[in-house]
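Trainee: Okay, predicted coordinates and the sequence, questions at the end:
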Amino acid sequence: MLARLATKRLLEVRQIFRQNAQTSRSFSTALNYHLDSPDNNPSIPWEFTNANKEKVKEILSHYPSNYKQSGIIPLLDLAQQQHGGWLPVSAMNAVAKIVEVAPVRVYEVATFYSMFNRAKVGKYHLLVCGTTPCMIRGSREIEDTLLKHLGVKRNEVTKDGLFSVGEMECMGCCVNAPMITVVDYSNGSEGYSYNYYPPHGTQNPQRIMSGPEGGNTTLLGEPKPPPCRDLDAC
């Protein structure tokens with residue numbers, strides 16, 4: 001009797017989540033499971049473009065042939081760029097096939113890292129830093145202004161599909177707080193860009209990024225290659 005009631009309740013809860021899937025789990029930081037939908041299910045064919053297949057080969061060339069799974073993160077990133085800023089489950093399955101692992105191994109990565117979006121985002125995805133230094137310098141007010149101007153809530157996409165607003169944890173440039181990142185998916189992987197505002201690094205014109213004034217005094221050339229260039233022979 002209790003088992004039947006528990007099963008019935010579970011089915012009711014699943015139905016509620018199905019009805020509210022889009023709003024309940026907009027990104028990887030939300031509920032970490034997948035529910036099929038008309039535009040996101042395993043039966044939808046997905047593969048890398050011919051140009052990106054060459055990039056896949058280049059990515060895999062960095063790893064020994066028996067450690068293809070080491071390329072899961074850059075391959076997911078490439079797939080996300082190609083697919084307009086988000087990862088359908090069929091794209092994850094395609095990556096799993098390429099690196100020769102069970103799909104669940106790719107799902108684990110895609111649901112762990114918040115940089116992977118598992119629902120649609122805008123062509124221009126605005127990410128406001130939400131950590132303490134930026135909050136102290138007004139990042140919450142900036143986010144509120146963006147949301148009000150665009151007429152959306154966090155993680156929602158504008159009706160024209162152009163913009164979405166999300167939160168990003170520390171961008172590593174607290175000295176320039178508050179920080180915002182603009183991710184441009186408008187031209188696929190060929191025109192993809194990921195820009196920080198203010199620009200990442202010091203704002204001192206005498207310094208480039210985090211380098212010293214007057215230029216670098218060390219690491220002036222290409223680093224020495226590893227003693228063994230044949231990854232499979234090391």
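Mentor: That came through, no problem.
Trainee: So in this structure, where's the weakest helix or strand by average pLDDT?
Mentor: Ranked by mean pLDDT, DSSP states H and E, the weakest helix or strand in the chain is helix 21-24, scoring a mean of 44.
Trainee: what's in contact with the helix or strand just after that one?
Mentor: On the C-terminal side of helix 21-24, the closest following helix or strand by DSSP states H and E is helix 50-60. Applying Cβ atoms under 8 Å, 6 or more residues apart in numbering, the contact partners of helix 50-60 are Phe48, Lys68, Gly71, Pro74, Leu75, Leu78, Gln82, Ile98, Val99, Ser189, Glu190. (C-beta placed from N, C-alpha, C; glycine too.)
Trainee: how about the helices in this protein?
Mentor: Under the criterion DSSP state H, the chain carries helices at the ranges 2-19, 21-24, 50-60, 72-82, 89-99, 103-112, 132-136, 139-150.
Trainee: State the number of residues packed around Leu150.
Mentor: Leu150: 18 surrounding residues under other Cβ atoms under 10 Å.
Trainee: What of the one 3 residues further on?
Mentor: Burial of Lys153, expressed as a neighbour count using other Cβ under 10 Å, amounts to 10.
Trainee: From what I see, it and Leu147 are in contact.
Mentor: Yes: here Lys153 lies in contact with Leu147, judged by Cβ atoms under 8 Å, at a distance of 6.4 Å.
Trainee: Give me the neighbour count for Gly188.
Mentor: Look at Gly188: counted by other Cβ under 10 Å, it has 15 neighbours.
Trainee: so how far is Gln80 from it?
Mentor: 11 Å (Cβ to Cβ, to the nearest Å).
Trainee: same deal with Val157?
Mentor: Distance from Val157 to Gln80, by Cβ to Cβ: 15 Å.
Trainee: How about Glu222?
Mentor: Note on Glu222: its distance to Gln80, by Cβ to Cβ, is 30 Å.
Trainee: Neighbour count for these two, which is higher?
Mentor: Between Glu222 and Gln80, counting by other Cβ under 10 Å, Gln80 is the more crowded of the two (24 against 6).
Trainee: And that one, how close does it get to Arg105?
Mentor: For Gln80 relative to Arg105 (Cβ to Cβ), the value is 17 Å.
Trainee: Next: Ile136.
Mentor: Here Ile136 is placed at a distance of 39 Å from Arg105 (Cβ to Cβ).
Trainee: of the two, who's got more company?
Mentor: Comparing Ile136 with Arg105 by other Cβ under 10 Å, the one with more neighbours is Arg105, at 15 against 12.
Trainee: Let me see the contact set for the more buried one.
Mentor: Neighbour list for Arg105: Gln69, Ile72, Ala96 [criterion: Cβ under 8 Å, 6+ apart].
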